[in-house]
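Student: take a look and give me a structure for this.
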Amino acid sequence: MFDPFYPFDELATQIVTHGLGLSIKSHLGASLHFFLYDVPKILTLLMIISFIIGTFQSFLEPDKVRKILEGKRTFAGNILAATVGIITPFCSCSAVPLFIGFLEAGVPLGVTFSYLISAPMVNEVAVVLLWGLFGLKVTLLYIGFGVGLAIATGYLIGQLKLEKWVESFVWELQKSQQELSSEDNIELESLTWKQRFQQGWFQSSHIVQSVWLYVVIGIAIGAVIHGYVPTTLITQIAGVDNPLGVPIAVILGVPLYANIAGVMPITEVLVNKGMPLGTVLAFTMAVTGLSLPEIVILRKVLRPPLLAVFISLITLGIISIGYLFNAVLS
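Tutor: Next up, the predicted model:
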């Protein structure tokens, strides 16, 4: 099977064995090889996909997304919002301001939540790295379960009629900011392809500059786990024989949020160490969909009862998906 990253693997092997005189099978050699191979591999993937998404984003500005979802109701609106969340490259921290804008524009609360869950969870970086690490089948399952969770959770919140637990200032906001942003958005349709590519390159370079340190730190952690942490320890904590492995992985995933690109190398190692793939994917979803920064920002918008409902539904949903993942992928 053709491996486009084979040169990175070969270079890492040469550095470890010939340059440093270490065996690939030794603890230190295995850790260094993992680190030297994964750093250029993941940064290359990140650069390429960020460029593609950045170019595509020139067609999909936040104001356009809001207009697409305005006036949508009930289940059909949840499906549309979750689908739009897939193709709009907004992380959790940028999705929250959009959450406020959607409510201000009249998008129903449940529909807005479907978007809020889908946009960061079915993250473009996570999807591409999952594809590169685990293949197309796993990636499609991740997308399917993630979108399904966004639709179901948003629909349920909508049916519960929890608008009273949204902070009052959200409903009092005027649409002046929306009008101002509309004035600033100069006819994006008139952009040339050269300008769109320039925007893609700007976003790609900006993202890599912003997250490269997290990527390196994540890979370094993964390298240590790969070389030194016994497989038996991983399997005891969250292995296939532990019925509580999935909820443990979900709980561990919440505070680990730094950047999804930095977490993916850790998930790769956990799978190689024997943790079930479904458990690892539940861990990944928790990192993405239940991040502490997102929860802190949401508290400015949602009152504690609604925030608790949101966290509870997402947590139960991810745990259930983890068990389904394991059943499907076993």
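
Student: quick one: the helices in the stretch 51-200 of the chain?
Tutor: Applying DSSP state H, counting those that start in this stretch to the stretch 51-200 of the chain gives helices spanning 62-69, 74-87, 92-104, 109-121, 124-134, 136-160, 168-172, 176-184, 193-228.

Student: what helices or strands is the longest one leaning on?
Tutor: Contact analysis of helix 193-228 by 3 or more CB pairs under 8 Å, 6 or more residues apart in numbering; DSSP states H and E lists helix 27-57, helix 260-272 as its packing neighbours. For glycine as for every other residue, the C-beta is placed from the backbone atoms N, C-alpha and C.

Student: out of those, deepest packed?
Tutor: Here the criterion is mean neighbour count by mean count of other CB atoms under 10 Å, and of those the winner is helix 260-272, at a mean of 24.

Student: what pairs with Val166 across the strands?
Tutor: The residues paired with Val166 through beta bridges, assigned by DSSP bridges, are Leu302.

Student: mind checking pLDDT for it?
Tutor: Listed pLDDT for Val166 reads 87.

Student: still on that earlier bit, for the helices of the stretch 51-200 of the chain, which has the smallest mean pLDDT value?
Tutor: Comparing mean pLDDT across those, the weakest is helix 176-184, with a mean of 44.

Student: measure how buried Ser114 is and give me the count.
Tutor: Neighbours of Ser114 under the rule other CB atoms under 10 Å: 33.

Student: equivalent analysis for the one 4 residues further on, please.
Tutor: Counted with other CB under 10 Å, the neighbours of Ser118 add up to 30.

Student: for it, what are its contacts?
Tutor: Neighbour list for Ser118: Ala81, Ala82, Thr83, Val84, Gly85, Ile86, Gly146, Val147, Ala150 [criterion: CB atoms under 8 Å, 6 or more residues apart in numbering].

Student: not counting sequence-adjacent ones, nearest residue to it?
Tutor: With sequence-adjacent residues excluded and distances taken as CB to CB, 6 or more residues apart in numbering, Ser118 is closest to Gly85, at 2.8 Å.

Student: about what we covered before: most packed of the helices of the stretch 51-200 of the chain?
Tutor: For the helices of the stretch 51-200 of the chain, ranked by mean neighbour count under the definition mean count of other CB under 10 Å, the leader is helix 109-121 at a mean of 28.

Student: flag the shaky bits of the stretch 201-330 of the chain, pLDDT-wise.
Tutor: When residues are selected by pLDDT under 70, those of the stretch 201-330 of the chain lie in 203, 207, 210-211, 214, 218, 222, 231-235, 255-262, 291-294, 297.

Student: the residue nearest to Ser118 reaches Thr112, doesn't it?
Tutor: No - with contact defined as CB atoms under 8 Å, Gly85 does not count as touching Thr112 (10.6 Å).

Student: which helix or strand contains Ile311?
Tutor: Under the criterion DSSP states H and E, the helix or strand holding Ile311 is helix 304-329.

Student: tell me the gap between that helix and the middle of its chain.
Tutor: 15 Å (CA atoms, centre = their mean, to the nearest Å).

Student: which other helices and strands does it contact?
Tutor: Partner elements for helix 304-329 (3+ CB pairs under 8 Å, 6+ apart): helix 136-160, helix 245-253, helix 277-289, helix 292-299.

Student: may I see the buried residues of it?
Tutor: 306, 309-310, 313-315, 317-319, 321-326 (16 or more other CB atoms under 10 Å).

Student: any idea of the angle that helix forms with helix 245-253?
Tutor: Our comparison of helix 304-329 with helix 245-253, counting by axes from the mean of the first three to the mean of the last three CA atoms, to 10 degrees, yields an angle of 130 degrees.

Student: one step back: adding distance to Val280, write the helices and strands packed on helix 193-228 out as CSV.
Tutor: Formatted as CSV, the helices and strands packed on helix 193-228 follow (distance: least, CB to CB, whole Å):
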stretch, distance to Val280
helix 27-57, 16
helix 260-272, 5
